[in-house]
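**Q** structure for the following, please:
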Amino acid sequence: MYPELFKIPFIDLTVKSYGLMMVAGFLAAVFLIRYLSRDITPDAKHITNAALYALLAGVAGARLFHVVHYFENYKGDLLSVFAVWNGGLELVGGVILAIAVIIIYIRYHKLPLRKYLDILAIALMLALAIGRTGCFLNGCCYGRPSSVSWAVRFPYGSFAYTSQVQPDAARSRSEPYMQLPKEYFNTYYYGDGSTREFLKPITELTEQQIFRLKQNDRFRSLPVHPAQLYSSAYALVICFILFALWKREKSAYGKKQRRLIKPGVTFSIMFVFYGIARFLVEFLRDDNPYEIAQLTISQLTGVFLLLPLGIALFIIFTRLRPGVQDSPRC
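**A** Numbers count the residues shown, from 1 in each chain. So this is what the prediction gives:
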């Protein structure tokens, strides 16, 4: 786990792995969109502008989705809603708002909507595949304890470690996975008489306590599924599948088109594949709280929003006739 990759000399600023991989994913997506759309429009500024608007909308949407989901944490300090640098983004909200902004931009400039959406779907999965590696380096979005040979351990103080040494009512876990001695916790007292224990920062531990963490296997975190890498892998697989569909669709421009290769179909299938994949991988994650019937908000979103949306768009796009803007460019 490397949440901070390196420190910039003289200005005492650290480069965060999560942010760096998000930027890398964004740049890769922009490059791919510009490359794949070179036959649609010669004006690359539309691609760059739409990408920048989508980036801003994506951050805003991801933050808004997180704040609504965890509004109890922000009631006492509403200004902290804007403190994005402190963490707290949910990808689904960002994707929804970013796509909405891109659609508005494309419609406003009268660009071939369905063609751009198909290319956007491919690039979005590439950005997700790269961005999720940032989650792994940061230690967030961690998986359930597992005995598989490729399971990973996260260090003391990480999100996964902190979760394992404390009960989690939001995950229906009344007892921690592992018992850590009381000396590793600070006790906080609240005005209503209640108390809560928080894991001490490693800087507050004695040398002996740190030595015990390193030498005593009982104090190490339990190995967990590398759920972040699973997410990265399925995004990459979906990216290649969508690219193959797009290639078939592109080769059919100007010809009698069959339903599966009409413009817009690639975009709609992205929602179907991503909704199913996200629903399944959530069973291997251990960070998101349960909402209904021990399903997380991501699973509910995937089943009741993304999957039906993808199916509905698929039906619509397969029934639409290619418009003027969907014809091949001369």
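**Q** correct me, but residue 239 touches residue 127?
**A** No. The pair residue 239 / residue 127 is not scored as a contact, 9.2 Å apart, by C-beta atoms under 8 Å. For glycine as for every other residue, the C-beta is placed from the backbone atoms N, C-alpha and C.
**Q** looking at those two, which one has more neighbours?
**A** Neighbours per residue, other C-beta atoms under 10 Å: of residue 239 and residue 127, the larger number sits with residue 127, 29 against 22.
**Q** need the three-state assignment for that one.
**A** With DSSP: H, G, I helix; E, B strand; the rest coil as the basis, residue 127 sits in helix.
**Q** check contacts around it.
**A** By C-beta atoms under 8 Å, 6 or more residues apart in numbering, the residues touching residue 127 are 25, 26, 28, 29.
**Q** tell me where this structure has helices.
**A** 17-36, 45-69, 91-108, 113-138, 159-164, 207-215, 227-251, 265-281, 297-301, 307-319 (DSSP state H).
**Q** most tightly packed of these?
**A** Across the helices of the chain, the average number of neighbours (mean count of other C-beta atoms under 10 Å) peaks for helix 113-138, which reaches a mean of 24.
**Q** what's the angle between it and helix 265-281?
**A** Orientation check (axes from the mean of the first three to the mean of the last three C-alpha atoms, to 10 degrees): helix 113-138 against helix 265-281 gives 30 degrees.
**Q** could you give the average pLDDT over helix 113-138?
**A** What helix 113-138 shows for mean pLDDT is 90.
**Q** check stretch 241-252 too.
**A** In this model, stretch 241-252 has an average pLDDT of 84.
**Q** about what we covered before: for the contacts of residue 127, which two are the farthest from each other?
**A** The span of the contacts of residue 127, defined through C-beta to C-beta, is set by 26 and 28 at 7.3 Å.
**Q** please name the nearest non-neighbouring residue to residue 310.
**A** residue 271 (2.9 Å; C-beta to C-beta, 6 or more residues apart in numbering).
**Q** try residue 170
**A** With C-beta to C-beta, 6+ apart as the criterion, residue 170 has its nearest non-adjacent residue at 3.3 Å, and that residue is residue 289.
**Q** what of residue 100?
**A** Spatial nearest neighbour of residue 100, excluding adjacent residues (C-beta to C-beta, 6+ apart): residue 57 at 7.3 Å.
**Q** what does residue 278 give?
**A** Counting by C-beta to C-beta, 6+ apart, residue 278 lies nearest to residue 302, which is 4.5 Å off, once chain neighbours are set aside.
**Q** and residue 220, by the same measure?
**A** Residue 220 sits nearest to residue 153 (C-beta to C-beta, 6+ apart), 6.1 Å away.
**Q** quick check: the gap between the one you found and residue 5.
**A** For residue 153, the distance to residue 5 equals 20 Å [C-beta to C-beta, to the nearest Å].
**Q** with residue 127 instead?
**A** Separation of residue 127 from residue 5 (C-beta to C-beta) stands at 19 Å.
**Q** next up, the contacts around the nearest residue to residue 55 once chain neighbours are set aside.
**A** Nearest non-adjacent residue to residue 55, counting by C-beta to C-beta, 6+ apart: residue 26, 5.7 Å away. With contacts defined as C-beta under 8 Å, 6+ apart, residue 26 is in contact with 51, 55, 127.
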